[in-house]
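J.: One predicted model, sequence on top.
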Amino acid sequence: MTTKVETDVAIVGAGPVGLFAVFELGLLDLKAHLVDILDRPGGQCTELYPEKPIYDIPGLPIVTGQELTDKLMEQIKPFGAQFHLGQMASALHREADGRWRLTTDTGTEIVAHVVIIAAGGGSFVPKRPPIAGIEAYEGKSVHYAVRKMESFKGKDILIAGGGDSALDWTINLAPLAKSLTLVHHRDGFRAAQHSVNKMRELVDEGKVKFHVASVKELHGTDGALEAVTLAGADKKEWTHATNAFLPFFGLTIKLGPIAEFGLNLHENLIQVDTARFESETPGIFAIGDINTYPGKLKLILCGFHEAALAAQAAFHICRPNEKLRFQYTTSSSNLQKKLGVA
Amino acid sequence: MKIHATDRNGKQHELEGRDGWTVMEILRDGGLDVSAECGGACACATCHIYVAEGWYQKLTPPSEAEIDMLDMALAVEPTSRLSCQITCAPELDGLTVTVAPE
């Protein structure tokens, strides 16, 4: 389904820096839409270290990734930004009228005067096991996610991993599979204990097979998997027949489609100036970990500063005929009204 | 202290360890391709290394959290560790590690 929206600014990435950009844009009456591949805001803060304390946010001696995200969400609430979560920003094109059209992999189109890329290291994507030739099977018989359970009906399924995804899908797919085998490098799991217990029950009932093993090779033709070579803890190898392989090793960060946006990249980072944090493509800004400039530090606090300056520059592009009056939230009743506190 | 590290291309590096730094930080500082996405919070398994036989046993054993996080690493071997969880110390002079594939 295609959703087409028009706004002032499209923001790629709903991590702390993208969220704070909403605030700085909002003070200037600029509306924003955010796109993020994760299904919740916070980026690395909530995906990688929700419980870990951060000590270098000015004014917050100690705050966890989740707390910082929650506070930012509260701070930007007055500005009603629209979130397009679970979507990857996949293409960027210039419209005839000079605006930008940002398209996502699920078909959302955001037409905006300005695009701010706050994508950190890129997109969180599933980790791909280092098995030769695995790419040829991806999407056909190797899957990193289960979109439709029905498509696995009657298959000889092989699941690899020891986390919640591996165990949950072992439990959920076992009833409709012809056979289901779980392999993991140890007889211990980081997944929730009740899932581990359930899986062990299924093993005891003979409905699931479990091996301490890892997948070494894939065998098949034209993306249709027929068997894999497994290696046990003792390095002994054997062949295992399967036609659906689901590796679940969590997520990793890859730059992804941003590399194809036609921007000037230096070692996978977007080069910007330090007055506006605009890329060499006018109207496209980059803030936070994804940008580079002399003296760059990958710190959340630096991203906040970059967001503030990028918002000022964005104003002049979005409102070319208006004068920007710089105001302080402490003293401006106009800003306080926008924030809903006056 | 010295750390002997083999990168993903099989090239060997001799790095100078620093007391109190983690092996992950030394590898990155030495220019090796270790993404360490979470920055050393034991939350991503992208600083996965193999420790040479003999050295593995001399290290402080992995915590429960590290063992769990290794479940998210690829191509785990019996001497797998997360390099962000190993702190440099004088007794580790000569530590020999290999960066795991990703």
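T.: Arrived safely, thanks for sending. Numbering: from 1, shown residues only, chains lettered A, B, ... in the order given.

J.: Would you map the strands across the stretch 1-150 of chain A?
T.: A:3-12, A:32-36, A:53-54, A:63-64, A:82-85, A:89-94, A:100-104, A:108-117, A:123-126 (DSSP state E, counting those that start in this stretch).

J.: Please apply the same query to chain B.
T.: In chain B, the strands defined using DSSP state E lie at B:2-6, B:12-16, B:48-51, B:80-82, B:95-99.

J.: What is the neighbour count of residue 75?
T.: Because you didn't say which chain, this covers chain A. For A:Gln75, the neighbour count with other Cβ atoms under 10 Å in any protein chain shown is 15. C-betas here are computed from N, CA, C, even on glycine.

J.: meant chain B actually
T.: A count of nearby residues for B:Ala75, using other Cβ under 10 Å, gives 18.

J.: and the gap between it and A:Val146?
T.: Counting by Cβ to Cβ, to the nearest Å, the gap from B:Ala75 to A:Val146 is 23 Å.

J.: ok so, going back, which one of the strands of the stretch 1-150 of chain A is the most hemmed in?
T.: Highest mean neighbour count of the strands of the stretch 1-150 of chain A: strand A:32-36, a mean of 27 (counted as mean count of other Cβ atoms under 10 Å in any protein chain shown).

J.: I'd like to know which residues of chain B are adjacent to chain A.
T.: B:35, B:37-39, B:41, B:43-46, B:67-76, B:78, B:101-102 (Cβ under 8 Å from any Cβ of the partner chain).

J.: quick revisit: got the strands of the stretch 1-150 of chain A as a markdown table, with mean pLDDT and distance to A:Phe249 columns?
T.: Formatted as a markdown table, the strands of the stretch 1-150 of chain A follow (pLDDT from 0 to 100; distance: least, Cβ to Cβ, whole Å):
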| stretch | mean pLDDT | distance to A:Phe249 |
| --- | --- | --- |
| strand A:3-12 | 97 | 25 |
| strand A:32-36 | 98 | 21 |
| strand A:53-54 | 93 | 26 |
| strand A:63-64 | 96 | 25 |
| strand A:82-85 | 98 | 23 |
| strand A:89-94 | 97 | 24 |
| strand A:100-104 | 98 | 25 |
| strand A:108-117 | 98 | 27 |
| strand A:123-126 | 93 | 7 |
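
J.: Would you mind finding the most buried of the strands of chain B?
T.: Mean neighbours per residue, mean count of other Cβ under 10 Å, is largest over the strands of chain B for strand B:80-82, with a mean of 26.

J.: and it, what does it pack onto?
T.: Judged by 3 or more Cβ pairs under 8 Å, 6 or more residues apart in numbering or on different chains; DSSP states H and E, the packing partners of strand B:80-82 are strand B:48-51, helix B:64-69.

J.: possible to save the ones you listed as JSON lines with distance to A:Ser279 and mean pLDDT?
T.: Putting the helices and strands packed on strand B:80-82 into JSON lines (distance: least, Cβ to Cβ, whole Å; pLDDT from 0 to 100) gives the following:
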{"stretch": "strand B:48-51", "distance to A:Ser279": "33", "mean pLDDT": "98"}
{"stretch": "helix B:64-69", "distance to A:Ser279": "35", "mean pLDDT": "95"}
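
J.: now those as JSON lines including distance to B:Lys11?
T.: Output for these, formatted as JSON lines (distance: least, Cβ to Cβ, whole Å):
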{"stretch": "strand B:48-51", "distance to B:Lys11": "15"}
{"stretch": "helix B:64-69", "distance to B:Lys11": "27"}
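
J.: Among those, single out whichever gets nearest to A:Val208.
T.: helix B:64-69 (21.3 Å; Cβ to Cβ).

J.: Other residues contacting that closest one?
T.: Residues external to helix B:64-69 that are found in contact with it (Cβ atoms under 8 Å, 6 or more residues apart in numbering or on different chains): A:Arg186, A:Gly188, A:Arg190, B:Cys42, B:Ala43, B:Cys44, B:Ala45, B:Arg81, B:Leu82, B:Gln85.

J.: With pLDDT and distance to A:Asn291 as extra columns, can I get those in CSV?
T.: Listed next are these as CSV, based on pLDDT from 0 to 100; distance: Cβ to Cβ, whole Å:
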residue, pLDDT, distance to A:Asn291
A:Arg186, 96, 40
A:Gly188, 96, 41
A:Arg190, 94, 34
B:Cys42, 93, 27
B:Ala43, 92, 24
B:Cys44, 92, 22
B:Ala45, 95, 27
B:Arg81, 98, 33
B:Leu82, 98, 28
B:Gln85, 97, 30
